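>>> build me a structure from this.
(chains A, B, C and D)
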There are 2 protein chains.
Amino acid sequence: MTKARVTVIDIAKAAGVSKSTVSLVLQGSSLVNEGTRSKVNAVMRELGYVYNRGAANLRQAGAKSRIVGVVVNDLTNSFFAELAVGVDMVVQSAGFVQFLSNTGESIDRQREVVASMREHGISGLIVSPARATDAADFKPLVAAGIPVVVVVRNLPGAKVSSIVSDNRAGMVSAVRHLAGLGHKRIAFLGGFPDTAVFDDRLAGYRSGVEAAGLDFHEELVISSAPSRAGGVEAIGKAIALGRRPTAAVCFNDAVAFGVCDGLRARRLEPGADFAVVGFDDVIEAQAAVPALTTVSVDPQGIGRRGAQMLLKQINAGKAEAEAVTTAVRLVVRESCGAGKTASARAGKSVKSKQDAE
Amino acid sequence: MTKARVTVIDIAKAAGVSKSTVSLVLQGSSLVNEGTRSKVNAVMRELGYVYNRGAANLRQAGAKSRIVGVVVNDLTNSFFAELAVGVDMVVQSAGFVQFLSNTGESIDRQREVVASMREHGISGLIVSPARATDAADFKPLVAAGIPVVVVVRNLPGAKVSSIVSDNRAGMVSAVRHLAGLGHKRIAFLGGFPDTAVFDDRLAGYRSGVEAAGLDFHEELVISSAPSRAGGVEAIGKAIALGRRPTAAVCFNDAVAFGVCDGLRARRLEPGADFAVVGFDDVIEAQAAVPALTTVSVDPQGIGRRGAQMLLKQINAGKAEAEAVTTAVRLVVRESCGAGKTASARAGKSVKSKQDAE
DNA sequence: ACAATTATTTGGAACGTTCCAATTCTGTCA
DNA sequence: TGACAGAATTGGAACGTTCCAAATAATTGT
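The predicted model follows:
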């Protein structure tokens, strides 16, 4: 129960050196004699000294606080939780620590947390922006020389780095797979049309359809909330169609699960009676029955990659914005009807390959 | 692209007042004249001032940095992700910000992140300790007057607050439910025996069994890793038993899912041929087929509650440790064989009630 | 109009660190 | 031995805020 906090001056006094020397030791400078260094270290341990990073980066103005901010729009979604874990891994082993906040798609909340993070002097920010985020919102940050990396959702006008998955290519391969299984009418289900991610995935769907020599039908594109409930709704409309589709690619896995629910409610078995393909490859995808065929995007990898990019920019002082899109791959399981029969070894993922049943 | 950071002094100069006055405004003091206040605020907005919290809490020594540290052992597990979201909610709306780190059950990592958080001057810590955490590890923190709240896993010897779910009662009600369905041989599957949580749940199982007038058989307790794979393993051993059980309560949901896998591999249908009950109620529980009957612990609620407790202690200066255990409730779905037949409306949770089929 | 209050405002002096310039200590070499 | 280079150390002065005591301005009562 020591009263006052032990400071660098206390250490200096106890070790019989000056505070400057202690500071030097703290920074691992090579200027200090080996003997003094170990003595100082010993005293620090003995007195239970804890470094005061706040004071430090008050002095080294504007420099490195070793804090990175991480803002995600929905931590409840395991996709983002994985992403955060990825970020944490590289950030942590670089000696940084992460401020993590959840916006729950609230743009106000987002503004608040970003402001708060700024006050705390973050040296960089990784953000998966809430829907309808204004690109200008991050202007002040970059103007202040704080690197920003946008992940998962692109932010059209902003001059910041971004890293998004290859939504287009993912959908193309999903459609190609279904077409290879003989499907002629393939629907695109779910998602809000006002987002960049939706546009990309839809574009991929369209070019996949055309590449397969099929016709693109407007009516087969049915948008809905990107949720399980949305999926139920979308498949309902799809089935009500005059010429109903026999397969669907879904905006994301949540929608795909909803589609499966909707199918079963109509006594149709996903996989056998109707092919379903998701997008994201959330952890539940391989656990579900039938296991979901889906486009895997490796959120943790995105997190790691984004963190690396950010750290690079932090260290470089000021790097210019770069935009990378990460590869995705189709993981064929059961819900598309192509997988081997359900076995206890569910979850064994198979590289995209058109092994028709 | 302003060069230097704008400080309280710049504001003072521009507004024609002293820095002290600006500081007063910043803290919302009632001492300052309404006119000056609004003028200062205007100037701040105009110059794009950002508060430097680091400098501030350097001065108000040891006081409030408005940062709380959150350390979880496995963020990938949606249980903990939800918990983090719960914490974030209350912490955020109290004007705090959270440092979140993931230990991945590594005790070294845990030590590192806690140290790092301390250097950053957190004003409190919420931690779900990694397995085999030494109670003494948090001694320095509390000695320094930093409140610590342990969640989910108890830390026997430590003089810190804790909030854990009522593991015992949960298991009692699970067993009671199964017994009410007519099961006579109920197994306890999964989990590592060296943890406090395991002990509690096992104790609950035992007293549930005895309360139902059944005999406790050592052989029906089969431990394993608390994972899906562990569940597969455990059910394998259970089935190999001379007199095999007809139902099982599982250490957690992951184990329960593994048990279902293992049953299906042996052509047994969970729910119909063998009753399975989990623990935790992770989000996948209601999505799975069959939907998992499980003990719901509301991780988000624990997060909220823990955060409130922590904030209370932070504000109180120094509150003594309190230990709370939160109520749990059995959610009856399909995997125990008691649920209504699987419908599209899966996920409708039912309050524990012995509605035998 | 004057003292007595009360309402505002204000210069330093901290807080714990890092940086700079300057100092003291070693040897070493002529 | 004295000069000199290099190694090791050191005393302030910052950094941007808050706090304190004290000063100034505005208001009141008489």
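>>> shouldn't A:D261 be within a helix?
Yes: membership of A:D261 in a helix is supported by DSSP: H, G, I helix; E, B strand; the rest coil.
>>> what about it, distance to A:I235?
Plainly put, A:D261 is 8 Å away from A:I235 if you go by C-beta to C-beta, to the nearest Å. Any C-beta I mention is one placed from the backbone N, CA and C, and that applies to glycine too.
>>> who has more neighbours out of the two?
For A:D261 versus A:I235, the count of surrounding residues by other C-beta atoms under 10 Å in any protein chain shown is larger for A:I235: 32 against 22.
>>> tell me the first helix or strand C-terminal of the helix or strand that one falls within.
Counting by DSSP states H and E, the element that carries A:I235 is helix A:228-240. Toward the C-terminus, helix A:228-240 is succeeded by strand A:247-250 as the next helix or strand (DSSP H and E).
>>> average pLDDT for that following strand?
Averaging pLDDT along strand A:247-250 yields 98.
>>> how close does the residue of the stretch 251-357 of chain A at minimum distance from DNA strand D sit to A:I146?
Among residues of the stretch 251-357 of chain A, the one nearest DNA strand D by C-beta to the nearest atom of the strand turns out to be A:G317. It sits 17.6 Å away. Summarising the geometry, the distance separating A:G317 from A:I146, computed by C-beta to C-beta, is 11 Å.
>>> export only the CA atoms of stretch A:102-119, formatted as PDB.
What follows is stretch A:102-119, C-alpha atoms only, in PDB (Å, rounded to 0.1, in the frame of the first residue of the first chain):
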ATOM      1  CA  ASN A 102     -18.100  -1.400 -31.100                       C
ATOM      2  CA  THR A 103     -20.400   1.000 -32.900                       C
ATOM      3  CA  GLY A 104     -23.300  -1.300 -33.600                       C
ATOM      4  CA  GLU A 105     -23.800   0.500 -36.900                       C
ATOM      5  CA  SER A 106     -24.500   3.700 -35.100                       C
ATOM      6  CA  ILE A 107     -22.800   6.600 -36.900                       C
ATOM      7  CA  ASP A 108     -23.000   8.800 -33.800                       C
ATOM      8  CA  ARG A 109     -21.400   6.200 -31.700                       C
ATOM      9  CA  GLN A 110     -18.700   5.900 -34.200                       C
ATOM     10  CA  ARG A 111     -18.000   9.600 -34.100                       C
ATOM     11  CA  GLU A 112     -17.900   9.600 -30.300                       C
ATOM     12  CA  VAL A 113     -15.500   6.700 -30.000                       C
ATOM     13  CA  VAL A 114     -13.200   8.000 -32.700                       C
ATOM     14  CA  ALA A 115     -13.100  11.400 -31.000                       C
ATOM     15  CA  SER A 116     -12.400   9.700 -27.700                       C
ATOM     16  CA  MET A 117      -9.600   7.700 -29.200                       C
ATOM     17  CA  ARG A 118      -8.100  10.800 -30.600                       C
ATOM     18  CA  GLU A 119      -8.100  12.500 -27.200                       C
END
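>>> pull out the buried positions in it.
The neighbour-count criterion (16 or more other C-beta atoms under 10 Å in any protein chain shown) identifies A:102-104, A:107, A:109-110, A:112-114, A:116-119 as the buried residues of stretch A:102-119.
>>> make a markdown table out of those and add secondary structure, pLDDT and distance to A:R185.
Formatted as a markdown table, the entries for the buried residues of stretch A:102-119 read as follows, by DSSP: H, G, I helix; E, B strand; the rest coil; pLDDT from 0 to 100; distance: C-beta to C-beta, whole Å:
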| residue | secondary structure | pLDDT | distance to A:R185 |
| --- | --- | --- | --- |
| A:N102 | strand | 94 | 40 |
| A:T103 | coil | 94 | 38 |
| A:G104 | coil | 91 | 37 |
| A:I107 | helix | 95 | 38 |
| A:R109 | helix | 94 | 42 |
| A:Q110 | helix | 96 | 40 |
| A:E112 | helix | 93 | 47 |
| A:V113 | helix | 94 | 45 |
| A:V114 | helix | 95 | 45 |
| A:S116 | helix | 93 | 50 |
| A:M117 | helix | 94 | 48 |
| A:R118 | helix | 94 | 51 |
| A:E119 | helix | 93 | 55 |
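>>> which of those residues lies closest to DNA strand C?
Minimum distance to DNA strand C across the buried residues of stretch A:102-119 is 16.4 Å, recorded for A:E119 (C-beta to the nearest atom of the strand).
>>> from chain B, how far off is the closest one?
According to C-beta to the nearest C-beta, to the nearest Å, A:E119 stands 5 Å off from chain B.
>>> you'd agree that residue is up against B:Y49?
No: in this structure, A:E119 sits apart from B:Y49 without contact. The criterion is C-beta atoms under 8 Å, and the distance is 10.5 Å.
>>> still on that earlier bit, for the residue of the stretch 251-357 of chain A closest to DNA strand D, helix, strand, or coil?
Put simply, A:G317 is coil when judged by three-state DSSP.
>>> that one: neighbouring residues, count only.
Burial of A:G317 is recorded as 9 neighbouring residues (other C-beta under 10 Å).
>>> what do you get for the one 5 residues further on?
As a burial measure, the neighbour count of A:E322 was computed by other C-beta under 10 Å and equals 13.
>>> show me what the residue lying closest to it once chain neighbours are set aside bridges to in the sheet.
Once flanking residues are discounted, A:E322 sits nearest to A:S161: 5.2 Å by C-beta to C-beta, 6 or more residues apart in numbering or on different chains. In this structure, A:S161 bridges to A:V149 when assessed by DSSP bridges.
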